[in-house]
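Undergrad: Next input, structure requested:
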Amino acid sequence: MKDLTNSNIERQNILNNKHAVERVQEYVGFPGMFFEGEYRFTKQMLADFFEVDISTIDRYLDNYSDELKHNGYILSRGKSLQDFKLQFGHLINKATKTTQLGLFNFRSFLNLAMLL
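TA: Okay, here's the model as predicted:
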């Protein structure tokens, strides 16, 4: 078995298999916030799910930002962020002055899981 923490190619092979990603999503059953056509998750949600400190999530975002962005991690800003806060602000407890918010989709969630 390949070590997914060390092989970007092996991680991408899994993430490019839509059927596998869908099956894992069904199996994990991690509830997200449906926004712009897919489920989204905040850094805090992932930190809670993986039982790690949010600084761990930040460190992986720093070290693997290109890969995570390629797989669906976004920094929501402007109108998109405004729409997100209107719909989910009560769930995420973010101040109204937040100018950007990092959001994972399930594919980038799974990517982070393989990195951890």
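Undergrad: Centre-most residue in this structure?
TA: The centroid of the chain falls nearest to Phe104 when counting by CA atoms, centre = their mean (2.2 Å).
Undergrad: Count residues in the vicinity of the closest residue to that residue other than its chain neighbours, would you?
TA: Sequence neighbours aside, Phe41 is the residue nearest to Phe104 in space, at 4.6 Å (criterion: CB to CB, 6 or more residues apart in numbering). Quick note: C-beta positions are derived from backbone N, CA and C, even for glycine. Neighbourhood size, Phe41 [other CB atoms under 10 Å]: 22.
Undergrad: show me the contacts for Phe41.
TA: Counting by CB atoms under 8 Å, 6 or more residues apart in numbering, Phe41 makes contact with 30, 32-33, 49, 103-106, 109.
Undergrad: I'd assumed Ala113 was in contact with the residue nearest to the centre of the chain.
TA: No. Here Phe104 lies out of contact with Ala113, judged by CB atoms under 8 Å, at a distance of 10.3 Å.
Undergrad: Asp66 sits in which helix or strand?
TA: If you go by DSSP states H and E, Asp66 is part of helix 65-70.
Undergrad: got the CA positions of that helix in PDB?
TA: Presented in PDB, the C-alpha positions along helix 65-70 are these (Å, rounded to 0.1, in the frame of the first residue of the first chain):
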ATOM      1  CA  SER A  65      -1.800  25.300  -0.400                       C
ATOM      2  CA  ASP A  66      -1.400  24.700  -4.100                       C
ATOM      3  CA  GLU A  67      -2.600  21.000  -3.800                       C
ATOM      4  CA  LEU A  68      -5.500  21.900  -1.500                       C
ATOM      5  CA  LYS A  69      -6.600  24.700  -3.800                       C
ATOM      6  CA  HIS A  70      -6.400  22.500  -6.800                       C
END
